[in-house]
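Novice: here is a sequence with its predicted model. Questions after.
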Amino acid sequence: MKEITSITKQLTNPRVVMGQVNEILEKVDPGFREIQQAYRANVAQLQEESAGRETEQIKTYLDARERAFSQEVLYIAFQGLFLNMEIFRNPVNGLLLQDGYETLNREYLLESLPGVQLARRQAKAARPKPRSQKVQRLLEGIVEYYSYLETVGYKVAHYIGFRLADELLYYVLPGYANNQANTIAYAGALEKYLQIHLDALG
């Protein structure tokens, strides 16, 4: 059981997940590094502007945002894997790749995940009340960063799950044969939509 717990923790640890997300986005999105630097600068300035209990509140807020997103992106990656499996079982499901990305990712179900619900509530409760326009601007910068992650990160995670299935399902699903045409078409559409370079993933 310890081994299973260890694997689960590695898959769900927010710091590990966020580290992987950052590493992947640096590879595929030329503009990500600048976005990430702006986020880190906002966090550093927020910490400089705070004192006492407010410092702890900011940490709680940032940790909750990170925890919520890491659970969301893991869920969406699994949706990509499941979609690949559904297409294998019924090829007509390949038409789902033409749906809007929010539908494709099943984002409408995120609020039903207990861990996401809890982390979002904690983030909302811990969000500091701005004492100045500067603090307000810094907090808005945090929100903008996560808006980017929810726009680009979600979609890249879904594609990675879909592509992972091409290799993984061969070993666990009897008779599975991947359809590279679907994966190539999906990658091409996503690259065009987000102006990213998925071939950087190798």
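Specialist: Yes, it's here.

Novice: switch to C-alpha atoms for all contacts and neighbour counts from now on
Specialist: Fine.

Novice: the residue nearest to the spatial centre of the chain: helix or strand, and which one exactly?
Specialist: Centroid-nearest residue in the chain, with CA atoms, centre = their mean: Val73, separated by 3.2 Å. Element membership of Val73 [criterion: DSSP states H and E] is helix 53-89.

Novice: before we move on, what about Ala125?
Specialist: helix 114-126.

Novice: and the gap between the nearest residue to the residue nearest to the centre of the chain once chain neighbours are set aside and Ala181?
Specialist: Closest residue to Val73 apart from its sequence neighbours, by CA to CA, 6 or more residues apart in numbering: Tyr154 at 5.8 Å. Separation of Tyr154 from Ala181 (CA to CA, to the nearest Å): 22 Å.

Novice: just Ala68 next, same as before
Specialist: 33 Å.

Novice: with neighbour numbers in mind, choose between those two.
Specialist: Ala68 (22 against 9; other CA atoms under 10 Å).

Novice: pretty sure the more buried one contacts Ala119?
Specialist: Yes - counting by CA atoms under 8 Å, Ala119 is a contact partner of Ala68 at 5.0 Å.

Novice: helices and strands of this structure: which one has the lowest mean pLDDT?
Specialist: For the chain, counting by mean pLDDT, DSSP states H and E, helix 2-12 ranks last in confidence among helices and strands (a mean of 69).

Novice: relative to helix 53-89, how tilted is the helix or strand that contains Gln36?
Specialist: Take DSSP H and E as the rule and Gln36 turns out to sit in helix 32-49. For helix 32-49 against helix 53-89, the angle by axes from the mean of the first three to the mean of the last three CA atoms, to 10 degrees is 150 degrees.

Novice: mind checking how far helix 32-49 is from the chain centre?
Specialist: From the chain centre to the centre of helix 32-49 is a distance of 19 Å (CA atoms, centre = their mean, to the nearest Å).
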